[in-house]
Structures are given as C-alpha cells and as structure tokens.
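A.B. asks: Sequence first, predicted coordinates after that:
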Amino acid sequence: MSSDPKRVHLVSLGCPKNRVDSEVMLGVLGQQGWRQSESAEDADVLVVNTCSFIGPAKEESVDAILEMARIKAEGEGKKLIVTGCLAQRYGEELKAELPEVDHFVGTGAFVRIGELVAPESRGARPPRSLVPVPDFVYTADTPRVRSTRGGSAYLKIAEGCDNACAFCIIPTLRGPQRSRPIADLVAEAAQLVAGGARELNLIAQDLTGYGHDLPGRPHLAELLAALDELEGLRWIRMLYAFPRPLPDRFLQIWAEREKIVPYIDMPLQHASPDLLARMRRPRNLDLVRRQVREFRERVGGAHGDFSFRTTFIVGHPGETADDFQRLYDFVEEMRFESVGVFAYSDEEDTQSFDQDDKVPEELAAERQARLMELQRDIARERSEGYVGQTLEVLVEGVSDETDLLLQGRHRGQAPEIDGVVYINRGEAAPGDLVQVEISEAADYDLVGGIPGDWGDRPLEVGEG
C-alpha cells in the first residue's frame, strides 16, 4: 500500500448521472486531503459507485466489487466502500453476503462519504449501512472534481423521477423529481466553464420535466436561456428528455441560441401503442412525429443540421411479432440519427416484472440484433453524407484506438454514447474547438483532418 495515508481509488459505473455523484464524492474527499489514485493497489480506500438499472449492470457492479475485495484482501488496512444504486437497492442483503465490504452507501448519502473514511478516533464508529430515503440534492457549493475528457462536463439539473414506467426501478432508487433552481445551476455551470469546460451536457432522469416541482414552475426553456449567457461556454446539449408536449418558447429559444446544439436524446422505448400502454409510457406517436419534424425543420434549419437520439426496449412482456414489426417500421420511417436498442431486463420490484406473456431472451436478442442492423444502415448513410463537409469538432485528446490520432466529437455526437471524429492531421489540444474536413466515414465514426499546410509533419497533441 502507498506510504501516502490518504489515497482513494474510485470505480464509477453506470450512467452520467452516476458519474456526477462520483465526481462529488471525489470533491468531498479532496477537501479532506484525499488524493485520487489511478491504481487500486496503491490506494488506502477503494470505492465502487454501482449501477443496478438492468441485469447486466448489476453483474458488472458485483464483478467490480469482488475485484476490489480481492485487492483489499491482498493489502493491509484498506477500506472498501460500495455506493450508488446497488447499495440503495440491496444494501441490507449485501451486508451478509459481502462481509469484506466496510460500508454500503445509498444514492441519498454519497455526499457523507467523508464521514466513513475518517479515522475512528475522531468519533463514533460509522454505520456499515448508510441507506436513507433518497432526498439529497447537491448544489453549486458542493465540492466536485470533473472527470470527463477534454472540454466536456455534465450538469445534473434534477434528481429522481416522477414518472411510473412499468419497467423502471429508478424512482425507487432515486426518489421523486427534485429540480435545482436556475440560479444554482448557472452558478455551477460558471464554475465548470471557469475550470475549462466548453460543453455542458444537461442530464436528469426527466429533463423535460425540469422545474415543475419548483416555486414558479420554471421551464427548461428558461434554464437554457440563462446558460446561453455564460461567457466561454460554446455548446449546451440536452440528454434524457421525456417525450411530452413542449411549449413554443422552448423551440424558439433552441432555434435562436447558437450555443444550444441541435441535438436531443429522447428515449421513446417503443412504437406499438399496445405495448407502450403496458410499459406505462406516452402513446401519442403522432406527437413524436410532429416534434421530430419541428426539431429538424426549426432547430436544424436554424443550425444547419439536427440529431435526434433515442432508445428502444425489445422483448418487454407482451411484445408480439406485430408489436416488434410496428417498431421496426417506425424506425425505418423516422430515420433517427442515433438509436440505442436494449433487450428487456426483468427487474423485480417493477410492474413489468409481474406481467405475464414473457418474451424468451433468445427472441429478444434476435429482435435487438435486427433493429440495430437496420439502424446501422441508416447511420452509415448519414455518416457518408458528411464526407466532404467541414465540421466544428470538440477535441477530447489522443484517440482511444491509437496515439497516432486525435479524437473529438461534432455537435451531433454526445460523449460516451455516440460515435467520434478521428483527426488524422493537424495540431490541437484537448478542449479546443477546431474545423475538421471529413474525408472518410464508417457506420458511426468519421475521419478527417484540420485544414492547413501541415506538410509531412506528424499530428501533434497540445498541452490542454
């Protein structure tokens, strides 16, 4: 173990909302003098921030816990803390099954991690399980350490969710929706921009439900307008928007403000009205068609392009061959710019878990593959349309694939979930916004170079 007595290694799993919780924990620990360690073996405290949204996420979380437990056993005096959704959902059960874990911390208590790593001589022995009803909301004054690449950052505008989708456990794990006031969000956004962020990705379980629980019921439109005023900020992106009617002022602000990129992530989950009813999801597909058309015409027309990302679930209980065909035809009709497809995960404590007419896992996987094959062709066609264009790209740094290339994203690519732009010539630093001439296209990724007379000089990465 390191001679430094205050080193923490944190494994963050799951969605960007969980990532922000991890950054807050690192900020809290940093204020107490703890330093982040890239090596678990060299750390004194091991933290696994878990996800339990679907079966594979739970398995990944358990595997990470067991790996950290192995490292703890090989060291001396290490402490292992499990936080997040898995701890919130199964904390009491896991205490007996995982005696090697020192503390389980729920989604409403992660900010108290500093109490759990303090020497016991400072006070009473901290509880092994700290899983209160989730009602905590962090603020701009809460310490946080940004962990995202380049000039990108997440801004969590609300916690929890008031929807009751039949397949979803999130309201149980995260509590009801708790929106943050606009002034507080602008204050945190200003801090992120001062720290080098050029892009803010707005996240919440229900982005378009923002503000309904606040005094005066501010709308997402007002928040976007306020963030647009920040100097130094270049891109504002919206993720996880629930499909519902939106006021005209929202579209007007979006179309008029250059910083609000023409991109939205709006999970639709299915396109069969019967199955959407079983899912307890909005069933008005005509509204979806109208909104996508308006997004593309008004926002895309103003900004030169538009990207609509959505996700679908196949294999939900009761999904018939006809239901799936409706979904397939809908995706073919709408030509969505980006699509994710998930096979249904049967989660206890949800309404879907108790529904009959279960779909065999093999059939769900087959439908998932068919839909992704269709979307791959659509995405490839769109990617090829970029060849010959010059796009503004936010540089993330050296490519994940090879240190001979830079990697970045254009406005239609969200971090970590969409494709990337590989830059094969020119000079740039992480966080730079550069013009890139696109020369090649794959299914989801693009390749291009920064214009200029670079001669035979190799690509260089700046210090940023």
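C.D. replies: Happy to help now that I have it. The shown structure was predicted, so the numbers you read here are calculated from the model rather than taken from an experiment. Numbering: from 1, shown residues only.

A.B. asks: all strands of the stretch 301-450 of the chain, in order?
C.D. replies: Ranges of strands in the stretch 301-450 of the chain, per DSSP state E, counting those that start in this stretch, are 307-314, 338-343, 390-398, 406-410, 421-423, 427-428, 433-441, 446-449.

A.B. asks: now the helix ranked longest in the chain: how far from the chain's centre is it?
C.D. replies: Longest helix of the chain, by residue count under DSSP state H: helix 361-385. In terms of C-alpha atoms, centre = their mean, to the nearest Å, the centre of helix 361-385 is found 21 Å from the chain centre.

A.B. asks: what's the angle from it to strand 307-314?
C.D. replies: With axes from the mean of the first three to the mean of the last three C-alpha atoms, to 10 degrees defining the directions, helix 361-385 sits at 170 degrees from strand 307-314.

A.B. asks: For helix 361-385, name the packing helices and strands.
C.D. replies: Contacts defined by 3 or more C-beta pairs under 8 Å, 6 or more residues apart in numbering; DSSP states H and E place helix 361-385 against strand 307-314, helix 321-334, strand 338-343, strand 433-441. In this view, the C-beta of every residue, glycine as well, is placed from N, C-alpha and C.

A.B. asks: Check which residues of the second one are buried.
C.D. replies: By 16 or more other C-beta atoms under 10 Å, the buried positions in helix 321-334 come out as 323-324, 326-328, 330-331, 334.

A.B. asks: Identify all contacting residues around it.
C.D. replies: 270-272, 274-275, 285, 289, 292, 312, 314, 339, 367, 370-371, 374-375, 378 (C-beta atoms under 8 Å, 6 or more residues apart in numbering).

A.B. asks: Buried members of those into ChimeraX, please.
C.D. replies: Selecting only the buried entries of these in ChimeraX, with 16+ other C-beta under 10 Å as the criterion:
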select :270,271,272,275,285,292,312,314,339,367,371,374,375,378
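
A.B. asks: Mind putting the strands of the stretch 301-450 of the chain into JSON lines with distance to residue 222?
C.D. replies: Below are the strands of the stretch 301-450 of the chain laid out as JSON lines (distance: least, C-beta to C-beta, whole Å):
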{"stretch": "strand 307-314", "distance to residue 222": "23"}
{"stretch": "strand 338-343", "distance to residue 222": "27"}
{"stretch": "strand 390-398", "distance to residue 222": "26"}
{"stretch": "strand 406-410", "distance to residue 222": "27"}
{"stretch": "strand 421-423", "distance to residue 222": "32"}
{"stretch": "strand 427-428", "distance to residue 222": "35"}
{"stretch": "strand 433-441", "distance to residue 222": "26"}
{"stretch": "strand 446-449", "distance to residue 222": "35"}
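
A.B. asks: if you compare these, which one is most tucked away?
C.D. replies: For the strands of the stretch 301-450 of the chain, average neighbour numbers computed from mean count of other C-beta atoms under 10 Å are highest in strand 406-410, which has a mean of 26.

A.B. asks: Run the angle between it and strand 433-441 for me.
C.D. replies: 100 degrees.

A.B. asks: who touches the longest helix of the chain?
C.D. replies: Here helix 361-385 has contacts from 312, 314-315, 319, 324, 327-328, 331-332, 335-339, 341-344, 419, 441-446, using C-beta under 8 Å, 6+ apart.

A.B. asks: Show me which residues of that helix are buried.
C.D. replies: Here helix 361-385 shows 364, 367-368, 371-372, 374-375, 378-379, 382-383 as buried, counting by 16+ other C-beta under 10 Å.

A.B. asks: which parts of stretch 234-252 are buried?
C.D. replies: Result for stretch 234-252 [16+ other C-beta under 10 Å]: buried residues 234-243, 246, 250-251.

A.B. asks: what's the farthest-apart pair in those residues?
C.D. replies: 234 and 243 (27.8 Å; C-beta to C-beta).

A.B. asks: Show me the chain divided up by domain.
C.D. replies: Listed by automatic domain parsing, the domain ranges of the chain are 7-130, 152-385, 390-461.

A.B. asks: Low-confidence ranges, the protein, go.
C.D. replies: 1-5, 119-124, 453-464 (pLDDT under 70).

A.B. asks: any chance you could map the helices in it?
C.D. replies: Under DSSP H, the chain gives helices at 16-31, 55-74, 85-97, 113-117, 170-174, 182-194, 220-228, 248-256, 273-279, 285-294, 300-303, 321-334, 361-385.

A.B. asks: neighbouring contacts of the fifth one?
C.D. replies: I take that to be helix 170-174. With C-beta under 8 Å, 6+ apart, helix 170-174 has contacts from 52-53, 85, 88-89, 107, 134, 159-164, 205, 349.

A.B. asks: let's see 6 Å
C.D. replies: If you take C-beta atoms under 6 Å, 6 or more residues apart in numbering as the criterion, helix 170-174 is touched by 85, 88-89, 107, 134, 160-161, 205.

A.B. asks: again with the third one
C.D. replies: By C-beta under 6 Å, 6+ apart, the list of residues contacting helix 85-97 from outside reads 50-52, 61, 104-107, 129, 131, 173.

A.B. asks: Also the first one?
C.D. replies: Applying C-beta under 6 Å, 6+ apart, the contact partners of helix 16-31 are 8, 10, 12, 36, 49, 51, 84, 110, 113-114, 138, 142-145, 147, 154, 156, 203.

A.B. asks: list the contacts for residue 424?
C.D. replies: Here residue 424 is in contact with 405, 449 (criterion: C-beta under 6 Å, 6+ apart).

A.B. asks: switch to numbering from 4
C.D. replies: I'll keep to 4 as the first residue from here, and by that count the last item is residue 427.

A.B. asks: And it, how far from residue 391?
C.D. replies: 16 Å (C-beta to C-beta, to the nearest Å).

A.B. asks: Kindly report the same for residue 33.
C.D. replies: Counting by C-beta to C-beta, the gap from residue 33 to residue 391 is 46 Å.

A.B. asks: quick one, which of the two is more surrounded?
C.D. replies: The neighbour count for residue 33 versus residue 391, taken as other C-beta atoms under 10 Å, is higher for residue 33 (17 against 10).

A.B. asks: so how far is residue 294 from that one?
C.D. replies: 42 Å.

A.B. asks: Ok, residue 74 next?
C.D. replies: Residue 74 is 48 Å from residue 294, by C-beta to C-beta.

A.B. asks: Just want to know which of the two has more residues nearby.
C.D. replies: residue 294 (20 against 16).

A.B. asks: Residue 352 versus that one, what's the distance?
C.D. replies: If you go by C-beta to C-beta, the gap between residue 294 and residue 352 works out to 32 Å.

A.B. asks: in the sheet, who's paired with the nearest residue to residue 270 once chain neighbours are set aside?
C.D. replies: Using C-beta to C-beta, 6 or more residues apart in numbering and skipping the chain neighbours, the partner closest in space to residue 270 is residue 314 (4.4 Å). Under DSSP bridges, the beta-bridge partners of residue 314 are residue 343.
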